[in-house]
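Engineer: using only what follows, build the 3D model:
(2 chains)
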Amino acid sequence: QKEVEQNSGPLSVPEGAIASLNCTYSDRGSQSFFWYRQYSGKSPELIMFIYSNGDKEDGRFTAQLNKASQYVSLLIRDSQPSDSATYLCASPGGYQKVTFGTGTKLQVIP
Amino acid sequence: DTGVSQNPRHKITKRGQNVTFRCDPISEHNRLYWYRQTLGQGPEFLTYFQNEAQLEKSRLLSDRFSAERPKGSFSTLEIQRTEQGDSAMYLCASSPGPNEKLFFGSGTQLSVL
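Structural biologist: Predicted coordinates for the structure are as follows:
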């Protein structure tokens, strides 16, 4: 079992809709979770991080963490074509090495 | 602060040759990570350092791969006797410490012919 798992997609949503991206993890020792966005041919860039159960909002982005169910999600409100990218979920896990999921490719249709 | 710097940006080599990549992290960051990424996949963990100490190396990594971080500053990743399967983007990232976000360099794209 991979430490961090994501649906590879692609996930297609119309412009202005809410995009919902999900991630599950296996290490119950994981304390923090990160969402990175990666445009084609570019390096990952951090867009959200969350440490505590519940929701964390930043502009159009909301990260949700449920430690009991071992899942993390990212909601993107009012999706724009510029949001089209691959979204990577990552966590240091209990051993502190940061591992990534395979990423979910998001396509926002104008 | 110029961010994480990686050199070279691109490397083309013939099978069997050795290659070395360099990463200069953000100066105050004591953690440094190396990842490998192929098309359609997430970054695959290779190894990481806390200052000059290599804390873990992926079990998937053969003995042809070695990394160093002398004096806890820049790091090098060497691949000996390259194979076509080594073709990938090699990413370096640094962070201030555990549980902190990673800052990535632009990566080195390796093509083994």
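Engineer: for the lowest-mean-pLDDT helix or strand in chain B, packing partners?
Structural biologist: In chain B, no helix or strand scores lower on mean pLDDT, DSSP states H and E than strand B:53-57, which sits at a mean of 90. Judged by 3 or more C-beta pairs under 8 Å, 6 or more residues apart in numbering or on different chains; DSSP states H and E, strand B:53-57 is in contact with strand B:44-50, strand B:65-68. C-beta here means a position set from N, CA and C on the backbone, and glycine is covered the same way.
Engineer: what about 7 Å?
Structural biologist: strand B:44-50 (3 or more C-beta pairs under 7 Å, 6 or more residues apart in numbering or on different chains; DSSP states H and E).
Engineer: looking at it, B:Leu55 is touching B:Trp34, isn't it?
Structural biologist: No. Contact criterion C-beta atoms under 7 Å: B:Leu55 and B:Trp34 do not qualify, at 12.0 Å.
Engineer: more neighbours: which of those two?
Structural biologist: Between B:Leu55 and B:Trp34, B:Trp34 has the larger neighbour count (other C-beta atoms under 10 Å in any protein chain shown), namely 26 against 13.
Engineer: which helix or strand contains that one?
Structural biologist: Secondary structure assignment for B:Trp34, by DSSP states H and E: strand B:31-37.
Engineer: what pairs with that strand, parallel or antiparallel?
Structural biologist: strand B:44-50 (antiparallel), strand B:88-95 (antiparallel) (DSSP bridges).
Engineer: now do the least confident helix or strand of chain B against strand B:31-37, angle only.
Structural biologist: Interaxial angle, strand B:53-57 versus strand B:31-37 (axes from the mean of the first three to the mean of the last three C-alpha atoms, to 10 degrees): 30 degrees.
Engineer: what comes up buried for strand B:53-57?
Structural biologist: For strand B:53-57, a neighbour-count test (16 or more other C-beta atoms under 10 Å in any protein chain shown) marks B:Lys57 as buried.
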